[in-house]
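>>> Could you work out the structure for the sequence below:
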Amino acid sequence: MRRRLVIVAASAAVGLISGCGGDGGDTSAPPPSASQRITVSSPAFADGGTIPRRYTCDGGNVSPPLSFSGLPSGSKGLAVLVEDPDAPHGTFVHWVVWNAPPSQGGWTTGQVPRGAEQGRNGFRKNGYGGPCPPKGQRHRYVFSAYAADRVLHLASGASADAVKRALTGHALASGHLTGRYGR
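Predicted structure coming up:
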């Protein structure tokens, strides 16, 4: 019995240390589909550009400033997911936010809008966990935004999959911003 506990503890530590190379949680739900588009942008990096170190595990590990435009009328909340599709063991989740006020067109550095809720990321914490790919690798980080036609009723610390499932049939619009980071 003692040997089994040591193996489990060692496996958990390896997953946390490896950052984006570890198990990012359950991310098997397909992204919700939406007929309209949101424009997602950041003054910190262009779509397809390099995410500055400040917003990564090598810097301040704070969320970058984000802007959203084109949210349709009737939007009741905004959900944002940040995922690394290049992680070796499947998509790694860096941030899960839902029920952000749709009237707020932008978020400043490190800001979580008042009223928004945050879920559990792949680092097993609620909140933002910046890009942290394995040494010698460059990964893509996809910031996906969804305008919902209803408030999402989810448990505190919900997973990205739970948010995607809750958005199914309720996403009015979606948009994406992709940044890259390597170590």
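>>> Please count neighbours and contacts with C-alpha atoms only from this point.
OK.
>>> can you pull out the strands in the protein?
Ranges of strands within the chain are 36-37, 39-41, 66-69, 77-84, 92-100, 106-107, 117-118, 138-148, 171-182, based on DSSP state E.
>>> Give me the residues contacting stretch 37-52.
64-71, 143-146, 173-181 (C-alpha atoms under 8 Å, 6 or more residues apart in numbering).
>>> Would you mind giving the strands of the chain as JSON lines with mean pLDDT added?
Formatted as JSON lines, the strands of the chain follow (pLDDT from 0 to 100):
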{"stretch": "strand 36-37", "mean pLDDT": "94"}
{"stretch": "strand 39-41", "mean pLDDT": "98"}
{"stretch": "strand 66-69", "mean pLDDT": "97"}
{"stretch": "strand 77-84", "mean pLDDT": "98"}
{"stretch": "strand 92-100", "mean pLDDT": "98"}
{"stretch": "strand 106-107", "mean pLDDT": "94"}
{"stretch": "strand 117-118", "mean pLDDT": "97"}
{"stretch": "strand 138-148", "mean pLDDT": "97"}
{"stretch": "strand 171-182", "mean pLDDT": "97"}
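>>> of all the ones you listed, which gets the most neighbours per residue?
strand 92-100 (a mean of 27; mean count of other C-alpha atoms under 10 Å).
>>> residues in contact with that strand?
Contacts of strand 92-100 (C-alpha under 8 Å, 6+ apart): 20-25, 27, 76-85, 113-123, 126-131, 151-152, 158-160, 163.
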